[in-house]
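A.B. asks: My questions concern the predicted model and sequence given below.
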Amino acid sequence: MIKAIVWGLIGFVLLVLAMASFIDDGISLQASPGMMSAQYKTMYLAAATTCPGLPAEVLMAIGQIESGHGANDGPSYAGAIGPMQFMPATWVAYGVDGNHDGFADPFDAADAIPSTARMLCADGAGNPKTLMDAVELYNPGDPTYAVAVMEVAKGYSKEVPGGVTATVTAPPTATVAPH
């Protein structure tokens, strides 16, 4: 019983620290195009093209939620790093050398953003029916993550040529195995 209480307190403290970190970083769940540099916008748009069907605004939303478009590269309380907040083991599996400098660097947005697209695509993000599932797998510890990403993505639709896409509001469907 005492172990359960101690573990419960540890979990609670970690949750409070994570929430405080999230709030202190000034990362908003409202789309903030002014926070995103033109360079980041270009990288999000280019990375989305590597996964046909992946809405660029979803990448933009993930970038904002995870690091405020590079404002806080981590590490997070869980150990995630870089502007797209990859766990090191996940980076090993999905990291790409997006800028072709000979090194796949999770702290380099030119590598991290296309790596995010690669991971999302592998999890089904190119298909509107499995987009939500793929986004859920990007941060599998948070059951509200995918909904938050989709809400923020709606606000970024004006940043994407062609406007809002139907896939941004796709409901969750099939369950995809986590990485």
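C.D. replies: Great, that's in hand.
A.B. asks: how would you label the residue most central in space within the chain: helix, strand or coil?
C.D. replies: Note on the chain: the residue nearest the mean C-alpha position is Ile62, at 3.2 Å, using Cα atoms, centre = their mean. Look at Ile62: counting by DSSP: H, G, I helix; E, B strand; the rest coil, its state is helix.
A.B. asks: Contacts only, for the closest residue to it other than its chain neighbours.
C.D. replies: Taking Cβ to Cβ, 6 or more residues apart in numbering, and ignoring the residues beside it in sequence, Ile62 has Val149 as its nearest neighbour in space, at 5.8 Å. (Glycine included, C-beta is placed from N, CA and C.) Under the criterion of Cβ atoms under 8 Å, 6 or more residues apart in numbering, the contact list for Val149 reads 58, 61-62, 65, 135, 138.
A.B. asks: Which among the residues you listed count as buried?
C.D. replies: When neighbours are counted using 16 or more other Cβ atoms under 10 Å, the contacts of Val149 contain these buried positions: 58, 61-62, 65, 135, 138.
A.B. asks: from the chain's centre, how far out does the host helix or strand of Val149 sit?
C.D. replies: Per DSSP states H and E, Val149 falls inside helix 145-156. Here helix 145-156 shows a centroid-to-chain-centroid distance of 10 Å under the convention Cα atoms, centre = their mean, to the nearest Å.
A.B. asks: Isn't Cys51 up against Asn127?
C.D. replies: No. With contact defined as Cβ atoms under 8 Å, Cys51 and Asn127 do not form a contacting pair (10.0 Å).
A.B. asks: Next up, phi/psi of Tyr77, please.
C.D. replies: Its backbone dihedrals place Tyr77 at phi -60, psi -30, with angles given as degrees, to the nearest 10.
A.B. asks: Likewise for Phe86?
C.D. replies: With angles defined as degrees, to the nearest 10, Phe86 sits at phi -90, psi 140.
A.B. asks: Give me the neighbour count for it.
C.D. replies: Residue neighbour count, defined by other Cβ atoms under 10 Å, stands at 26 for Phe86.
A.B. asks: Likewise for Ala134?
C.D. replies: Neighbourhood size, Ala134 [other Cβ under 10 Å]: 22.
A.B. asks: Run through the neighbouring helices and strands of whichever strand or helix holds it.
C.D. replies: When secondary structure is defined using DSSP H and E, the element that contains Ala134 is helix 131-138. When contacts are defined as 3 or more Cβ pairs under 8 Å, 6 or more residues apart in numbering; DSSP states H and E, helix 131-138 packs onto helix 56-67, helix 109-122, helix 145-156.
A.B. asks: Much appreciated, bye for now.
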